[in-house]
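**Q** What follows is a predicted protein model with its sequence.
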Amino acid sequence: MDFIKEIPSGIFIIISALIGAFFVVRNLRASSFRDAAIKFRSVILEELKIVYPTVTTWPEHPPTFLANKFISLQVAVIEFEAALPWYRRFGFRRAWRIYRVSDEPRSESSEQDYFQYLGATIDDHYIDPRKLLRQNIDRLLKYTRT
């Protein structure tokens, strides 16, 4: 332990300051993520309140209903994506795309389609649009968890 006495105290001060700065920056980033997540979640819940989390009234034409919500949701997505860590952004973008145009869009240039929410029967299996919408919104909202 005598070798510790020979190390200048300035090094300990610098190391302590660096460690303190690391924790301050980490807490600020966590706080900004938390605020962005709360805002994103509240926009989703407010805009889609009649269809998520519990369907109270299923729209007569879901693609039109969802297309009308696109602008406010897109703004929330852009703001929230900026708060996401870089390594989670690709998955979030993919979840946003699946929500808008499904896994297999009808064209590459589709910004929004929503026809997957009309319901369909594929190979004698009915795809419930309410269930699909819930899955896709849940997929988006999982990124709001820390």
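**A** Looks like it came in fine.

**Q** Which of the three states applies to Tyr126?
**A** What DSSP: H, G, I helix; E, B strand; the rest coil gives for Tyr126 is strand.

**Q** That one contacts Gly119, correct?
**A** Yes. Using CB atoms under 8 Å, Tyr126 makes contact with Gly119 at a distance of 7.0 Å. Backbone N, C-alpha and C define where each C-beta goes, glycine included.

**Q** Give me the more crowded residue out of the two.
**A** Gly119 (15 against 10; other CB atoms under 10 Å).

**Q** Run through the residues that contact the more buried one.
**A** Taking CB atoms under 8 Å, 6 or more residues apart in numbering, we find Gly119 in contact with 126-129.

**Q** any idea how far Ser72 lies from Phe23?
**A** 36 Å (CB to CB, to the nearest Å).

**Q** between the two, who's got more neighbours?
**A** Ser72 (13 against 9).

**Q** Report the contact partners of that one.
**A** The contact partners of Ser72, taken as CB under 8 Å, 6+ apart, are 43, 47.
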